[in-house]
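S.K.: Could you look at this predicted model? Sequence included:
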2 protein chains.
Amino acid sequence: MLAEIITIGDEILIGQILDSNSKFIATELNKIGVSIYQITSIQDDKNHILEAIENAQSKVDIVILTGGLGPTKDDITKLTLAEYFNDKLVLNIEIVEQIRTMFAKINYPFTEVNKNQGLVPSKCTPLFNTVGTAPGMWFESNHKVVISLPGVPFEMKTLMSLSVLPKIQQTFKLPFIVHKTILTYGMGESMVAERIEDWENNLPKFIKLAYLPSFGNVRLRLSAKGNCKEVLDNAVKNEVGKLTTIISDIIVGFDEDETIEVSIGKLLQEKKQTIAIAESCTGGSICKRITGIPGASKYFIGGIIAYNASVKINELGVDKRLIDEFSVVSCQVAEAMAQGIQQKYQTTYAIATTGNAGPTTDITDTTVGTVFIAIATPSAVYSEEYFFGKPREKVIERATNKAFEMIRKEILKN
Amino acid sequence: MLAEIITIGDEILIGQILDSNSKFIATELNKIGVSIYQITSIQDDKNHILEAIENAQSKVDIVILTGGLGPTKDDITKLTLAEYFNDKLVLNIEIVEQIRTMFAKINYPFTEVNKNQGLVPSKCTPLFNTVGTAPGMWFESNHKVVISLPGVPFEMKTLMSLSVLPKIQQTFKLPFIVHKTILTYGMGESMVAERIEDWENNLPKFIKLAYLPSFGNVRLRLSAKGNCKEVLDNAVKNEVGKLTTIISDIIVGFDEDETIEVSIGKLLQEKKQTIAIAESCTGGSICKRITGIPGASKYFIGGIIAYNASVKINELGVDKRLIDEFSVVSCQVAEAMAQGIQQKYQTTYAIATTGNAGPTTDITDTTVGTVFIAIATPSAVYSEEYFFGKPREKVIERATNKAFEMIRKEILKN
């Protein structure tokens, strides 16, 4: 089963925005077993749209268009689709009433412009938009479909999840696909591949494995395809079980959206433990990631961004002689920072970072990219030295990920 | 002058990565007066590539391909281009020698696989890659060009800047285009447009204005097109001067990459002043942005992420009675936090935030999205209440931007 995604509008073509809509649609279609043949970004122009749809329909079964459906934007996509299907726009009372009801609920005035959103080609099945005013449209002919969605990401995503994906699965009687994502941390793609080679080679034919690497972590995605969901569920569960015994030391989570900070938060809550963070070179990046998780206040007590040496000395209790002897970028100072904030904030654990993120060597003359990360636990403190290269943003991101990896291991031990 | 960008490879089509290469190429081409007719992402497949190039060449003057040039990837793009132009691959000694020299400099072994990178179609002009091994290729026939670039972003960008853009300007004798970006903060697009309406209406015909809005800020981009660079430079300078007198209160910077935190850093360095930050609901986001700028240690002393009330009381000296009377999410507490860190870290200024980023109302029962931002200056402290809606990430991002806007105004006054 093949699909093409067509995005309509100028923003992508002038380089103003990234095409994140296509990324979402491509990911979701792949999950239900539809491959993307092509992604095409075109101008808001009738002839260009007509040509793109015709081109796409000659190659694929499913064409998904996004954008060009706003009430004031002359409805170019709607009119063009009507022309393409030799159709005309008619007022769909159901859509109008749905928008009117939605507006009434939030005391929002309903105008003539909103009513225009109810005008859709007579041959389409409207896809009701519960989070915006532009409806989606579903055209079906000769066993092929053309779907038009609004370009606003939140509305597009809602329509995809609630209407488009189930309708595609139903219409094309697609096989079941079961996915499971395993997040691993602290090992490169090729090393992970080596460790699980035997297991991978013995996977049943209907289960495929994909490696999705990013900074400091690799996601492993298992996809099982078949006609009986129960069989797939059991087979995937079985394989995940085997995999877990092989690489339990690097597995961080099993949810698609699970990040290592979510996993750390869950562990701390389960164990009723707390954490504090003292950051120098990472400058708030670790605290920001930890507090990005809803409910972080249950285990995160607070942090100190000890940029200036005076803060390290006065607030974290780092002995000035340590700094004079070993410099601020040293394992001695990192460990003293971690212990300092752990004692001050009375937490189970603490993380501390000190290093040089660049772009130039600072007064300490430490090589750009060198970072010391210290972890304080209830019974000990230790630190590790890393070299994260450049540029600045990468040093900060890599140090943040590494700190999470280190602290997670400690929490699992205690 | 029209162009089409074609990206080759699976990563975009399976939704694994965002197409940031096309965004960069589109932005840069637009700047030199080349409009993008279409962006097309296709599979790593010979027939698909041939068809896409043919299709594009029937519509546009310039086709830029990226991806599919790795030494181990069967060189599909290179072979396909040779076929498209009825050509064959020949070994280009210059390319081989350039790679050999580059490897020798870093003591890296040169292998047969690397030598293959020197194989290019005989009809192309190779574009030497100084930061990688896959050369770019430039094909010219019938006053139209096809350019092939490696997919690695850093290599693609270097080749674009050093070779492709100058060569396009030369080949097509494009007019000069002079750009100037003005960053404004704290006012929506329509309000900015209203304030500068008269000025905009009186712009010379050869100068165009674009509004590029994003969270909390609007970039205004002036683009002047003509045959004499000096005339354009002077005209743009003149118009920027006029604009500055109209909206000096909201202009933050004049560089394309300038952010508000860069502008704040420059001001603090100029004035030899310092800053400290106490964050509750923003959780490290303000510190992270401030320390993301190289050299921030010159003016940023440190920060406290006061997530738990105990940290607000013990570390920032917030009176517990204030919390009991007004709750932690209040202007009284925000102001006490700002004053507390300003005194403790002995800085010229301080910023403090407290609020509820959501997703649920917390023990304080404050509405999700409510944030108090306080600013301490050498002579006073004040705070403002904002409502930033949801979701959590947006509340944090908006509060961070608003805090920067507030502090910048204060620094300008002192």
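M.R.: Cool, got the structure.

S.K.: What are the boundaries of the helices in the stretch 301-414 of chain A?
M.R.: Taking DSSP state H, counting those that start in this stretch, the helices of the stretch 301-414 of chain A run over residues A:309-314, A:320-326, A:331-345, A:392-413.

S.K.: out of those helices, nearest to A:G284?
M.R.: Evaluated over those, closeness to A:G284 peaks at helix A:392-413, with 9.4 Å, by Cβ to Cβ. Every residue, glycine included, has its C-beta placed from N, CA and C.

S.K.: List the buried residues for that closest one?
M.R.: A:392, A:395-408, A:410-411 (16 or more other Cβ atoms under 10 Å in any protein chain shown).

S.K.: what's the offset of the lowest-mean-pLDDT helix or strand in chain A from the middle of its chain?
M.R.: Least confident helix or strand, chain A: helix A:112-115 with a mean of 79, by mean pLDDT, DSSP states H and E. Helix A:112-115 sits 36 Å away from the centroid of its parent chain (Cα atoms, centre = their mean, to the nearest Å).

S.K.: again with stretch A:109-123
M.R.: Worked out by Cα atoms, centre = their mean, stretch A:109-123 lies 34 Å from the chain centre.

S.K.: Residues contacting it, please?
M.R.: A:71-72, A:75, A:78, A:81-82, A:85, A:87-93, A:95-96, A:99-100, A:103-104, A:126, A:133-135, A:137, A:139 (Cβ atoms under 8 Å, 6 or more residues apart in numbering or on different chains).

S.K.: ok, now stretch A:380-394?
M.R.: With Cβ under 8 Å, 6+ apart as the test, stretch A:380-394 has contacts from A:215, A:331, A:334-335, A:338-339, A:342, A:352, A:355, A:357-359, A:367-375, A:395, A:398-399, A:402, A:406, B:292, B:294.

S.K.: residues in contact with the spatially most central residue of chain A?
M.R.: The centroid of chain A falls nearest to A:D257 when counting by Cα atoms, centre = their mean (6.3 Å). If you count contacts by Cβ under 8 Å, 6+ apart, A:D257 has none.

S.K.: What separation do you get for it and A:Q16?
M.R.: A:D257 sits 27 Å away from A:Q16, going by Cβ to Cβ, to the nearest Å.

S.K.: Return a selection command, for use in ChimeraX, containing the buried ones of the contacts of stretch A:380-394.
M.R.: A single ChimeraX command selects the buried members of these (16+ other Cβ under 10 Å):
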select /A:331,334,335,338,339,342,352,355,357,358,368,369,370,371,372,373,374,375,395,398,399,402,406 /B:292,294
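
S.K.: circling back: just the buried subset of the contacts of stretch A:109-123, please.
M.R.: Counted by 16+ other Cβ under 10 Å, the contacts of stretch A:109-123 give A:71, A:75, A:78, A:81-82, A:85, A:89, A:92, A:95-96, A:99, A:126, A:133-135, A:137, A:139 as buried.

S.K.: Quick check: strands, which of these are part of them?
M.R.: A:89, A:126, A:137, A:139 (DSSP state E).

S.K.: Distance to chain B added to the residues you listed, as JSON lines?
M.R.: Listed next are those as JSON lines, based on distance: Cβ to the nearest Cβ, whole Å:
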{"residue": "A:L89", "distance to chain B": "27"}
{"residue": "A:P126", "distance to chain B": "27"}
{"residue": "A:M137", "distance to chain B": "23"}
{"residue": "A:F139", "distance to chain B": "23"}
